[in-house]
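[1] what follows is a predicted structure for the sequence shown.
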Amino acid sequence: MDSPELFAEFKSLLTQLGIDLRVEKGNFKGGMCRVGDSWVCLLNGNTSLPARLKLLDQLLAEMDLSSLFVLPAVRDRIGQKDNEKMSLT
């Protein structure tokens, strides 16, 4: 799976989790934040696609994806662990 396809799959997972993905330019690393009652994943538009994928990989690895269908190639890439899942409540 190439980088643009993987980015699309990561974005799809975030959407299924109810998380808005935004790519903005600025002086920040990126990550999750809460805006009102909603979760937003911010990625720095000044960073490369591999850097964005690395951050998404790290964020998704902390989330409980057990209720979602995740393609095996994507699940392997995420390196999902069974402990320390991020709660979005």
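    Received, thanks. Numbering: from 1, shown residues only.
[2] residue nearest the centroid of the protein?
    By C-alpha atoms, centre = their mean, the chain has its centre lying nearest to L56, at 3.6 Å.
[3] pretty sure it belongs to a helix, no?
    Yes: under DSSP: H, G, I helix; E, B strand; the rest coil, L56 falls within a helix.
[4] secondary structure element holding the spatially closest residue to V70 that is not a sequence neighbour?
    Closest residue to V70 apart from its sequence neighbours, by C-beta to C-beta, 6 or more residues apart in numbering: L13 at 6.6 Å. Every residue, glycine included, has its C-beta placed from N, CA and C. L13 belongs to helix 3-16 when assigned by DSSP states H and E.
[5] how far away from the center of its chain is that helix?
    From the chain centre to the centre of helix 3-16 is a distance of 8 Å (C-alpha atoms, centre = their mean, to the nearest Å).
[6] buried residues, it. List them.
    The neighbour-count check on helix 3-16 (16 or more other C-beta atoms under 10 Å) flags 6-7, 9-11, 13-14 as buried.
[7] what does the very next helix or strand once past that helix rub up against?
    Next helix or strand after helix 3-16 toward the C-terminus (DSSP H and E): strand 19-24. By C-beta atoms under 8 Å, 6 or more residues apart in numbering, the residues outside strand 19-24 that reach it are 11, 14-15, 32, 38-45, 52, 88.
[8] may I see the buried residues of whichever helix or strand comes after strand 19-24?
    Going down the chain from strand 19-24, the next helix or strand is strand 30-35, by DSSP H and E. For strand 30-35, the neighbour count (16+ other C-beta under 10 Å) marks 30, 32 as buried.
[9] helices or strands up against strand 30-35?
    Judged by 3 or more C-beta pairs under 8 Å, 6 or more residues apart in numbering; DSSP states H and E, strand 30-35 is in contact with strand 38-44, helix 49-61.
[10] so the residue nearest to V70 touches F69, yeah?
    No: with contact defined as C-beta atoms under 8 Å, L13 does not reach F69; the gap is 9.6 Å.
[11] if anything else comes up later, I'll come back, but that's it for now.
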